[in-house]
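# What follows is a predicted structure for the sequence shown.
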Amino acid sequence: MTKEFWISAGKRALYTFAETMIGMITVGQAFTEVNWTHILSVSAVAAIVSFAKSIVIGMPEVSKEEVSE
């Protein structure tokens, strides 16, 4: 697996982390009312799942020839 694959997988995991975090923050909730530990924990798990999926299934933005090198 190439350097490009690992960079792309890391970016995808980071995007998934951010998207999950945004989705879990309730609009209208005060900053002190947000359960940050829970949000960060769930977002981290989503990022790990995204990274694992990239390894198992692959990524369309990285060609199969680059992965097999």
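Thanks, I have it.
# Which parts of this structure are strands?
If DSSP state E is used as the criterion, the chain turns out to lack strands entirely.
# And the most centrally placed residue in the chain, how close does it get to A44?
To find the centre residue of the chain, average its C-alpha atoms and take the closest one (Cα atoms, centre = their mean): that gives A13, at 2.3 Å. Plainly put, A13 is 10 Å away from A44 if you go by Cβ to Cβ, to the nearest Å. Placement of C-beta: from N, CA and C, glycine included.
# L14 now?
Taking Cβ to Cβ as the criterion, L14 is separated from A44 by 11 Å.
# How about E19?
13 Å.
# residue ranges of the helices in this structure, please?
Ranges of helices in the chain, per DSSP state H, are 3-24, 36-57, 64-68.
# can you tell which of those is closest to A30?
The closest approach between A30 and any of the helices of the chain, judged by Cβ to Cβ, belongs to helix 36-57 at 12.3 Å.
# Which neighbouring elements make contact with the closest one?
With contacts taken as 3 or more Cβ pairs under 8 Å, 6 or more residues apart in numbering; DSSP states H and E, helix 36-57 sits against helix 3-24.
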